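A.B. asks: using only what follows, build the 3D model:
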Amino acid sequence: MEIEEYKELVNKLKKEFKDKDIVIAVLQEIGKDRRVGIINKEKQGKDWKNEPATPKQLAMLEKMGLKVPENCTKFEVSKIIKENKKYL
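C.D. replies: From the prediction side, this is the model:
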């Protein structure tokens, strides 16, 4: 988005909401939505489910006292953590 588009958006929001704090909050939410959209587009091309588990995931398994499967994927570990979190 170009600066002129942002200015136009801010002006529209100022007309809609007289409170400056509401305008700021709306702009922040719009920014978050855009970032989430970008992240989701990037993830669409990736098959993250078959990627190796992250060190953070493996650490969580160990913290939970669970056996770490050999060559486990992000998806597998995520499922194990989710299923066993209720027992913490």
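
A.B. asks: where does this protein dip in pLDDT?
C.D. replies: The model of the chain has pLDDT under 70 over residues 45, 87-88.

A.B. asks: now do the contacts for the spatially most central residue of it.
C.D. replies: Geometric centre of the chain, nearest residue: Val36, 6.4 Å, by Cα atoms, centre = their mean. Val36 sits next to no residue when contact means Cβ atoms under 8 Å, 6 or more residues apart in numbering. Using the backbone N, CA and C atoms, a C-beta is placed for each residue, glycine as well.

A.B. asks: is it true that it lies in a helix?
C.D. replies: Yes: assessed by DSSP: H, G, I helix; E, B strand; the rest coil, Val36 belongs to a helix.

A.B. asks: all helices of this structure, in order?
C.D. replies: Taking DSSP state H as the criterion, the chain contains helices spanning 3-16, 20-44, 55-63, 74-84.

A.B. asks: most neighbours per residue, which of those helices?
C.D. replies: helix 74-84 (a mean of 15; mean count of other Cβ atoms under 10 Å).

A.B. asks: give me the residues contacting it.
C.D. replies: Counting by Cβ under 8 Å, 6+ apart, 48-54, 57-58, 60-61, 64, 66, 69, 72 sit against helix 74-84.

A.B. asks: can we see that at 7 Å?
C.D. replies: If you take Cβ atoms under 7 Å, 6 or more residues apart in numbering as the criterion, helix 74-84 is touched by 48-49, 51, 53-54, 57, 60-61, 64, 66, 69.
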